[in-house]
Structure formats: C-alpha cells, structure tokens
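**Student:** here is a sequence with its predicted model. Questions after.
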Amino acid sequence: MKGSTIIYTLLLGGFFSAITSFAGRTTGPGGKGDITATPNQKQSLRTIIIDPGHGGFDNGTHGLFSKEKDVALAISLKLGTAIQEAFPDMKIIFTRTTDIMPGNMPTLAAGLNYRAELANKSKGDLFICIHGNSDGHTAGEYEVRRVIGHKYVKRGKRRVRVPVYETHMVRNTRVGTGTYIWKADRSGFKGAAINERDESMTDSTGENMGDSTGTAIDMSTPEAKMRARLYEAKYFANSALFATLVEDEFVKAGRHSDGVMQRDEGIRVLQATGMPSVLIETGFLTNEEEEKYLNSEEGQNEIVRNIVDALKRYKATLEGRTTGVGSDSTGAGSGQSTPKAF
C-alpha cells in the first residue's frame, strides 16, 4: 500500500507540472513550443460529444435579430456533419438536435447535468460545447451616460447639488473568439465526473482504466483516488491542447482571438464531464457585423472548418504523428509555451 502510494505521488508530480503552467489564463493561439505526444496512441478519438449551448426556454444571449441557442445549434449540426465526413469511423453524439433544453429538462441546472451525464454515459473522448458571446451591453448600440457638470435643485427646504448627465449612443464593436477549459482548482469535480464513467473501459488513448485484468477499480482506495487525479491532470492538459489548436485555427482564418481561458466561477459542463472538454465562444452576437457573420452560411462553414482542422491536428498529436502548433500565427498568447498531450 505504502509503495503504491509513493509511486502514484511521483506520477502526480509529473502530471501536475502541466497544470501549474495554466493557472488563470492559459496559452493563446500561435505558441511556438513543440507538442510532444505519447507515440502509438491508436484510436485516440472514437466518440465526440457536441453540445449546442442553451436551448428551449434558455435563449442565451440576444443579437439584433438572432438568439444564441439557434446560432449554436446551426453551427453544431454543421460541425457534426463535417466531423463525420472527415472521420467516418468516429461516433458523434449531440446533446440536442432541436430547439429544446437537453433531455427536455424543466430547469437550467437539470439541463446542464443532463448534458454532462449523457457525455459520461456515452464514454466520450472529447466534449465540444458551442456558444455565442456577449459583451454585456445591448446588441448593436448601447446608451452611455457621463457627468458633464452639476447643478443645485431644491428638495424641500434644502438645496442639493446633483450631477448633470449627457447621454450618447456607443456602437458595439467587441468581436472575436475564445475557448474555455475547466478550471484547474475545480479538480475534485472533474475527478468525480471521471469516476462516473465505467472504470473498466479504455480511455481516449487506448489505455485500460480498470486494473490489468480489465476489472473495475475500487474508487474508495487511496491509490484509486490518486489515479483519478492523474487522469484529471491528463485531461486538463489535453483540453488546453485542443483549445489552443482551435484558437490557432481561428487566428489563421483572420479572426481576433481572446485565447484560451478559465472562468473563475467554473463552467458546469466542463468540470462535470469525465473527458477533455472545451467551450468555444464562436463570436459576439452583440456586434452587428459579427452577428451577421455567425448567422451566415459562409461564416458558419468557416467556423466549422476551423474546428475540424484543429481536431485533425489534435488527433494527430495524440497519436504521435505531428509536432508544433502554428508558429507563424500571431494570436493572443503568441510566443508562450504550447501545452503537451499526455
């Protein structure tokens, strides 16, 4: 028991060295470091979960003429078709294919749980969530007030000094993409999600997740808990890798990129899925021009092509067939080290 604990602890140190380089904001597209992958990782990707954000009663953000739930669904359906064409042997599972809350769940929380549970039960090797973005202001134009002076007004028997405002409209110009990965300090959630999967199955690298005889591991033992943490670190690194490749492809297509990020409050569908997982913000619906792009056939096809190209590079890297990540790109985070695949 003690010897096994020491071995797992040493292994943890190696895997968690990858996590420390991704605290807060992680590598953006265009990093110049080499990717090193474990060679001969056959059948690295067999099942991909595609999750169109929102749905049903949950509209997401609004543009001038469209809703996020509809844009996310349109892009997701095209993405599934394109992946199937590129990889005929790959299984594609959607969390929804129509305008419903996944699972027809009555609440947002239940819908989020359904998405993660479906991904885990389907033994997905990669979870891709598609969204549109908002800068927090009204789509198109929004009102801005600024103080231009003060005046005194009478209130009862008193004179009170109050500000004088000038109001003007500001055009919403925020554009660009960004890809979120699960927050490293939420590792306990990810470990629990990993344990929800059948421990006797093989993971995305072909490695058996049970013991050497193929039987399920008793997850109550210290060794098994440490082993789950190893997979957390592994999936974190591979999530960061795929996210970086996605943003790199967006940059090569001429899009502005905010890079690869982690959100402080965490994202349920990322931390509750027992596999590498990303949430892709495809653009800002609050910007009039970008909303038109996101709703156009040309724009949606380009976004899908970018993600599929990233998927090809990700798969090749896992299988030890490539090195390097778009060193000629100049997106956010350019020049930083590139995450490694484990």
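**Tutor:** Nice, thanks for sending it over.

**Student:** use CA for all of it now, contacts and neighbours both
**Tutor:** OK.

**Student:** can you give me the strands for the chain?
**Tutor:** 47-52, 91-94, 126-133, 141-155, 158-171, 177-181, 257-261, 277-284 (DSSP state E).

**Student:** which secondary structure elements does the second one contact?
**Tutor:** To tie it back to what came earlier, the one meant is strand 91-94. Helices and strands touching strand 91-94, by 3 or more C-alpha pairs under 8 Å, 6 or more residues apart in numbering; DSSP states H and E, are strand 47-52, helix 68-86.

**Student:** helices or strands next to the first one in the packing?
**Tutor:** Contacts of strand 47-52 with other secondary structure elements, assessed using 3+ C-alpha pairs under 8 Å, 6+ apart, are made with helix 68-86, strand 91-94, strand 126-133.

**Student:** returning to what we had before: most tightly packed of the helices and strands packed on strand 91-94?
**Tutor:** Neighbour counts (mean count of other C-alpha atoms under 10 Å) averaged over each of the helices and strands packed on strand 91-94 peak at strand 47-52, with a mean of 25.

**Student:** was I right to think Val246 contacts Ile303?
**Tutor:** No - using C-alpha atoms under 8 Å, Val246 makes no contact with Ile303, being 9.6 Å away.

**Student:** how about CSV for the helices and strands packed on strand 47-52, with mean pLDDT and distance to Glu291 added?
**Tutor:** Formatted as CSV, these follow (pLDDT from 0 to 100; distance: least, C-alpha to C-alpha, whole Å):
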stretch, mean pLDDT, distance to Glu291
helix 68-86, 98, 9
strand 91-94, 98, 24
strand 126-133, 98, 9
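
**Student:** figure out which of those is closest to Glu297.
**Tutor:** The closest of the helices and strands packed on strand 47-52 to Glu297 is helix 68-86. By C-alpha to C-alpha, the value is 9.4 Å.

**Student:** residues in contact with that closest one?
**Tutor:** 50-56, 58-62, 90-92, 97-99, 130-133, 285, 294-295, 300-301, 303-305, 307-308 (C-alpha atoms under 8 Å, 6 or more residues apart in numbering).

**Student:** can you list contacts of stretch 93-110?
**Tutor:** 47-52, 54-58, 69-70, 73, 77, 111-112, 114-115, 118, 122.

**Student:** hmm, try it at 10 Å
**Tutor:** 47-59, 69-70, 73-74, 76-77, 80, 111-119, 122, 124, 127-129, 268 (C-alpha atoms under 10 Å, 6 or more residues apart in numbering).

**Student:** again, but for stretch 288-299
**Tutor:** 62-68, 70-72, 74-75, 78, 132-133, 139-141, 171-176, 282-285, 287, 300-305.

**Student:** domain ranges for the chain?
**Tutor:** Annotated domains of the chain cover 2-137+173-318, 141-171 [automatic domain parsing].
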